[in-house]
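Visitor: Provide a 3D model corresponding to the input given below.
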Amino acid sequence: MVLSDIDRTLLQRCLERKPQAWEDFTDRFLGLVVHVINHSSQCRSIRITNQDREDLCAEVFLTLVADDFSVLRRFRGESSLATYLTVIARRVVVRELLKHKPAAKLGDAVESVDQDSSHEANFDDADEVERLLGNLAGKEADVVRMFHLEGKTYQQISSAVGIPENSIGPTLSRARAKMFRSSGVS
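Guide: Residues are numbered from 1 along each chain as shown. Predicted coordinates:
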């Protein structure tokens, strides 16, 4: 998708610091930034509060205005502005999430997999996770170990294990469900 005339005009108004331009820009793209924050935190099994969400939004928009809108000035118009902003927002959000929020405990992630269950798994320490990893085979165990115990990113896991990056999330979900079932919680 190419840059729309509406977005081209809005971007130009911002770069020229026209009155009301920045407010119009944030009104137009705030929902996109919030979506990126929610999606990025969910993919990494990191729970965020409303305050965290607001802080991350502010960080994304601060990145956009930094150095006289340098990030926006680098936009070449070869994609839609929303696509470009999604990439920028995701990079900022992931960096901030990894800097300020540790990955969720495995038990937290397991609870989200089995939301109908009223039981809580006891995966609070590394020893318990290691014990339950014994119930997983090969690559599933490697993926869980790398993500939850070693804190590796999907990209790092993909390279190490040799499975596509977009298969890491589903592999983690399946493995967590198996671990939850084998934990003896009923």
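Visitor: hey, let's count contacts and neighbours off CA atoms from now on
Guide: Fine.
Visitor: OK, contacts around the residue sitting nearest the centre point of the chain?
Guide: With distances taken as C-alpha atoms, centre = their mean, the residue of the chain nearest its centroid is residue 40 (1.6 Å). Each residue near residue 40 by C-alpha atoms under 8 Å, 6 or more residues apart in numbering is listed here: 90, 93-94.
Visitor: now those residues in JSON lines, with secondary structure?
Guide: Formatted as JSON lines, these follow (DSSP: H, G, I helix; E, B strand; the rest coil):
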{"residue": "90", "secondary structure": "helix"}
{"residue": "93", "secondary structure": "helix"}
{"residue": "94", "secondary structure": "helix"}
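Visitor: Quick one, grab the pLDDT at the residue nearest to the centre of the chain.
Guide: pLDDT for residue 40: 88.
Visitor: repeat for the one 10 residues further on
Guide: Predicted confidence (pLDDT) at residue 50: the value is 90.
Visitor: How about the contacts made by it?
Guide: By C-alpha under 8 Å, 6+ apart, the contact set of residue 50 is empty.
Visitor: quick check: domain ranges of the chain?
Guide: Here the chain is described, according to automatic domain parsing, as comprising the domains 5-100, 106-182.
Visitor: I'd like to know how far residue 19 sits from residue 12.
Guide: As judged by C-alpha to C-alpha, to the nearest Å, residue 19 and residue 12 stand 12 Å apart.
Visitor: ok, these two, which is more surrounded?
Guide: Applying other C-alpha atoms under 10 Å to residue 19 and residue 12 shows that residue 12 carries more neighbours, namely 14 against 10.
Visitor: Off-centre distance for the host helix or strand of residue 26?
Guide: Element membership for residue 26 (DSSP states H and E) is helix 21-43. Centroid separation for helix 21-43 versus its chain: 13 Å, with C-alpha atoms, centre = their mean, to the nearest Å.
Visitor: List the buried residues in it.
Guide: Buried residues in helix 21-43, counted by 16 or more other C-alpha atoms under 10 Å: 21-22, 29, 32-34, 36-38, 40-41.
Visitor: and what of stretch 162-181?
Guide: Buried residues in stretch 162-181 (16+ other C-alpha under 10 Å): 168, 171-173, 175-180.
Visitor: Mind telling me which of the domains of the chain the model trusts least?
Guide: Per-segment mean pLDDT for the domains of the chain reaches its minimum on domain 106-182, at a mean of 68.
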